[in-house]
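1. Here is a sequence together with a model predicted from it:
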Number of protein chains: 2
Amino acid sequence: MSKKIIIIGGSAAGPKAASRARRLDENAEITIIQKASDLSMASCGYPYYVGGFFDDRSQLLCSPAGVVRDSNFFWNAKKILTFVNTEVTKIDKEKKIVEYRNLLTGENSSAAYDKLIIATGAIPRKPPVAGVTLDGVTTLQSLSDADYLRKVRDNGKIKKAVVIGGGLIGIETCEALNLAGIEITLVEMLPQLLTFLDKHMARLVEKYVQSKANVILQNGVSEFIGENGKLKAVKLQDGTEIACDLAVIATGVIPNNQLAKAAGLEVGSLGGITVDAYMQTSDKDIYAVGDCIETPNLITGKKVHAPFGDLANLQGRIVGENVISGNVSQFPGTIQTGICKVFEYGVGSTGLSEQNAVRNGFDNIETVVNASMDKPGFMHGKLLITKLIVDKSSERILGAQVLGPGDVSKQVAIWAMAIKGKLTVEDMVNADLPYAPPYSLAIDHSIATAHVMQNKLKGLFTGISAEQLKEKLKTKEPMFLLDVRNPNEYEQMRLGIDEKLIPLGQLRKRIEEFPEDKNAEIVTWCKISLRGYEAARILQANGYTNVKVLEGGIMAWPWNIEK
Amino acid sequence: MSKKIIIIGGSAAGPKAASRARRLDENAEITIIQKASDLSMASCGYPYYVGGFFDDRSQLLCSPAGVVRDSNFFWNAKKILTFVNTEVTKIDKEKKIVEYRNLLTGENSSAAYDKLIIATGAIPRKPPVAGVTLDGVTTLQSLSDADYLRKVRDNGKIKKAVVIGGGLIGIETCEALNLAGIEITLVEMLPQLLTFLDKHMARLVEKYVQSKANVILQNGVSEFIGENGKLKAVKLQDGTEIACDLAVIATGVIPNNQLAKAAGLEVGSLGGITVDAYMQTSDKDIYAVGDCIETPNLITGKKVHAPFGDLANLQGRIVGENVISGNVSQFPGTIQTGICKVFEYGVGSTGLSEQNAVRNGFDNIETVVNASMDKPGFMHGKLLITKLIVDKSSERILGAQVLGPGDVSKQVAIWAMAIKGKLTVEDMVNADLPYAPPYSLAIDHSIATAHVMQNKLKGLFTGISAEQLKEKLKTKEPMFLLDVRNPNEYEQMRLGIDEKLIPLGQLRKRIEEFPEDKNAEIVTWCKISLRGYEAARILQANGYTNVKVLEGGIMAWPWNIEK
């Protein structure tokens, strides 16, 4: 008898599971029940549709061959039955039945399963404030949200918008609306944007985003103010009112666990459905995948909620095999690799941030911030800034954050693979990466970052972060601040924090200009702090015991500079 | 007493070693002796200077801050003494002295060393034929070669050129000269271009390059024909004469081992100076780095000659430390990762090719060719084609070759890191890479390639390579050839090898159109063979026992197609 497989959810993980199951068993009866009216939507593409990167909406729904993945497509190409506009209202795990309702006709039905896959995704978190249902207040979560916002773009009438939430979706929404010619205010409750980044890196993003949008941190929405049912302003918790015709709420998502909870399935502390490595829930005939589950972080071993489209697909593939062949395939977990486009910057992260490592009990870590180009200057190289986090005793790489106009995606992929392979700093110091001038520097930015880390671990220099230096400047501690670039570089751009300019090439001859006290605190830098490091080595060789290198140099300074 | 360190060679590895040594010991006496007139030249950038990617020659010689790295720079910024236009004529390892001659004045001198570093690089191989010294015959190895070819571009008089050698430099030279408006014939002695690629992949490159240049394989130069000392034609071994005003020889390089050999240092079978992991030669006070040495391949353990600019720099850093601190730092070896730009394609490789794996005794390998986009269609994704090679029993990844207009550099970096981490197919199947539509597909091309490999290893499909199918077509074996795309796709492009078109969505209904004999050989494909694979699964489920999927589909077909 053929196996009955029912899948709740037709967005990413669900269709992937269904397709994989079909390829492994031509005779199984496979059914997808989908609440929305579309199937297999490329939901990560919504901001780019809204932003006008492309105009043909059907591309969000098409197979690579250009065929819309609707119910006909699923039936003809894959012999998968799909019910759209259909909501599962109950899972009866004793009877192994799901009950569902056609949202258009109101008709109720039920169907029996041998194996059930829950792929109900996540739902947007919304602030519990007045006015949230006003016309002009939306999320960017569903295809109808995307349609709504695309219409905003196409109509060209709305001039001011507020985006609430400085996470990944919030920032992508900023770009999309900015491209539609809309003036944006971005409001974030926390003291930083993009919480997967450490504060310094987030501050660099903020500095950049501020050139495109008005950024307000540590402030939330207290009310959406309307007139005749239409949004007119957003009121913040500190009383500020921002006039606008549009507000997009992007304050994160939570696992959609309602059906699972009601069915008595185990749910984790973060709200995600509990599954094992086979993606099996607490009921042996029910599996769950995608944004509705919790999955282990491979470094800490702790469960996390990682609502990433790529993981949903990978998990779907695993579960599609397991429902057909028994539990043969495992999903090991995540290192929470993510990336987003922030206007002309890429911003990405993999593994643990410093904050996250500390929170998870890593009490002996080392970090560096490194800035360099992705390619040679003559090939029009662009800046990359990386923060690398390692465990000091094992020298194992724990995490990396990368941002800038350069090729961030490759850098994050390199570090993600390094973490996957449990590599150490020593491994990365001599990594063998593809080099040619159109693609990288002779010493790739990732390897250069490993070199800086190795130098630090070997005690060749002491670093000081921009944040630490900023703190010291506040307390007016006496310090000798040294910029070692050339005068023409200094004329074009400088921190302007009472630093002295002594070009590296003159340093040895002008050593008498340094403090008599060999224990005086000296901070050195240049544009990216490579020459700053060389200067520190010279000063150390001349007996100075308290020399620090400003990590990442001027390029990683996250505040405004003199010029 | 301060340590005396002499470095022979001032291009890449030499200056890197000198700089690293300086940073570790402010008091060492460090001297670079350089035969050429320039220092620290970005020699990998020459083809891009010739091709007009940039016009300011000094960028090839500048530090990132825009300062030319001449003798003054090295002395002022790094306290490194440099002699240019100076050739070391002898190493006396008993007396620990080098003898050298100023090539401008003819003056001979000598200098004593505590530690000597040989970084003499490689020299171009030249065919031993008549006319090789004619005006118009050159290599693209030195900065003066680059100057010469750049002048050719700027003068705009030369209309026809022959490039001899279809390796990395030969192909880069083709692009450079093509951008100068010169008609190119590329001549290669072997049956394929780019020998680091397997034949099928090389054939795809050839097909592409043929759209830009006339490619002649399995033919060498027998004579450079001149008139009044100027090149007029290149005569090939088969008698063909190609009229031209310019010929660029790019038939590879050999380690420059003359000084080392004369000094009695050990040299390997490939001509490279023998060094251990510390880069120490058979004499404990002499080290060697860069293109003049042999280094172990990390997969086979065998020594190889790997003249890559990135490795030269990494080795320079290692040796700079070892000459100062004793042998503390090791260079583990290479996986021979390389990449080159071929017009609008990237072409790269890491680890072992199939040919190379077989040659090195791997007798149980599996390969796949996979084609897919680097990004979604709606983000203007471009094609990538990857050949993956794994050891069948351990499922360890041995090598990958990637080419296409898509983001090849990231793909090669991912596989290089996978090999560095000794990862298996299973590890790659659930790799956690950065996903967002501007940067990748939800299932990254590399992961999709691992999926295809896993499916093959699990026996879910049998692949057939384009080459195998082509062979079978020659013998006119009876086969059922099946394209499962849509009719409109078929109208736009098709192999045209007597295939039958049955769109995937109609396959189940039209199963009666297939041979009665369930053991009949059937080959399926689509554009990239994802649907081809689905079709094969359906046919197998219908009892067909001999179904093969054309790997990489039409996109990986390396010959001309019907349309």
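-> Received it, and whenever you're ready, just let me know what you need.
2. residue boundaries of the helices in the stretch 101-250 of chain A?
-> Per DSSP state H, counting those that start in this stretch, the stretch 101-250 of chain A carries helices over the ranges A:143-155, A:168-179, A:199-209.
3. Settle this for me: A:Leu39 is touching A:Asp70, isn't it.
-> Yes. A:Leu39 is within contact range of A:Asp70, at 6.3 Å (criterion: C-beta atoms under 8 Å). Just so you know, the C-beta spots here come from the backbone N, C-alpha and C atoms, and that holds for glycine as well.
4. thinking again about what came up before, reformat the helices of the stretch 101-250 of chain A as TSV; add mean neighbour count.
-> Output for the helices of the stretch 101-250 of chain A, formatted as TSV (neighbours: other C-beta atoms under 10 Å in any protein chain shown):
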stretch	mean neighbour count
helix A:143-155	17
helix A:168-179	24
helix A:199-209	22
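5. Save those helices as CSV, and put in mean pLDDT too.
-> Shown next, in CSV, are the helices of the stretch 101-250 of chain A (pLDDT from 0 to 100):
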stretch, mean pLDDT
helix A:143-155, 96
helix A:168-179, 96
helix A:199-209, 97
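6. Show me what counts as buried in the helix ranked longest in chain A.
-> Ordering each helix of chain A by length in residues (DSSP state H) puts helix A:309-325 first. Neighbour-count burial for helix A:309-325 flags A:309-324 (criterion: 16 or more other C-beta atoms under 10 Å in any protein chain shown).
7. any idea how chain A splits into domains?
-> A:4-122+A:254-325, A:137-251, A:338-457, A:462-556 (automatic domain parsing).
8. Most tightly packed of the ones you listed?
-> Across the domains of chain A, averaging neighbours per residue (mean count of other C-beta atoms under 10 Å in any protein chain shown) puts domain A:338-457 on top, at a mean of 23.
9. Just give the closest residue to A:Pro296, not the sequence neighbours.
-> Spatial nearest neighbour of A:Pro296, chain neighbours left out: A:Gly333 (3.8 Å); criterion: C-beta to C-beta, 6 or more residues apart in numbering or on different chains.
10. and A:Leu81, how far is that from chain B?
-> 14 Å (C-beta to the nearest C-beta, to the nearest Å).
11. Figure out the helix or strand that the closest residue to that residue other than its chain neighbours lives in.
-> Leaving aside its sequence neighbours, A:Leu81 sits nearest to A:Thr31 (C-beta to C-beta, 6+ apart; 4.5 Å). Remark: A:Thr31 resides in strand A:29-33, with elements defined by DSSP states H and E.
12. Can you read off the pLDDT for A:Pro405?
-> Per-residue confidence (pLDDT) for A:Pro405: 98.
13. whoops, I mixed them up, A:Arg510
-> For A:Arg510, pLDDT reads 97.
14. hang on, the earlier thing: list, out of the buried residues of helix A:309-325, those positioned next to chain B.
-> By C-beta under 8 Å from any C-beta of the partner chain, the members of these lying near chain B are A:309-314, A:317-318.
15. Let's have those residues in TSV, adding distance to B:Ile502 and pLDDT.
-> As requested, these are exported to TSV (distance: C-beta to C-beta, whole Å; pLDDT from 0 to 100):
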residue	distance to B:Ile502	pLDDT
A:Gly309	32	95
A:Asp310	32	96
A:Leu311	35	97
A:Ala312	32	97
A:Asn313	28	97
A:Leu314	31	98
A:Arg317	26	98
A:Ile318	31	98
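16. between those residues, which is nearest chain B?
-> Using C-beta to the nearest C-beta, A:Asp310 comes nearest to chain B of those, at 3.8 Å.
17. Contact partners for the closest one?
-> Contact analysis of A:Asp310 by C-beta atoms under 8 Å, 6 or more residues apart in numbering or on different chains lists B:432-433, B:435, B:440, B:442-444, B:447.
18. how much space between it and B:Ala418?
-> 17 Å (C-beta to C-beta, to the nearest Å).
19. And the strands in the stretch 301-450 of chain A?
-> A:303-304, A:338-342, A:345-351, A:365-373, A:383-391, A:397-404 (DSSP state E, counting those that start in this stretch).
20. For chain B, which of these is the nearest?
-> Judging the strands of the stretch 301-450 of chain A by C-beta to the nearest C-beta, what sits closest to chain B is strand A:338-342, at 3.6 Å.
21. Other residues contacting the closest one?
-> For strand A:338-342, contacts defined as C-beta under 8 Å, 6+ apart pick out A:168, A:171-172, A:175, A:194, A:196, A:205, A:208-209, A:308, A:346-350, A:403, A:408-409, A:412, B:434-436, B:438-439.
22. roughly how far out does the longest helix of chain A sit from the chain middle?
-> Relative to its parent chain, helix A:309-325 has a centroid offset of 22 Å by C-alpha atoms, centre = their mean, to the nearest Å.
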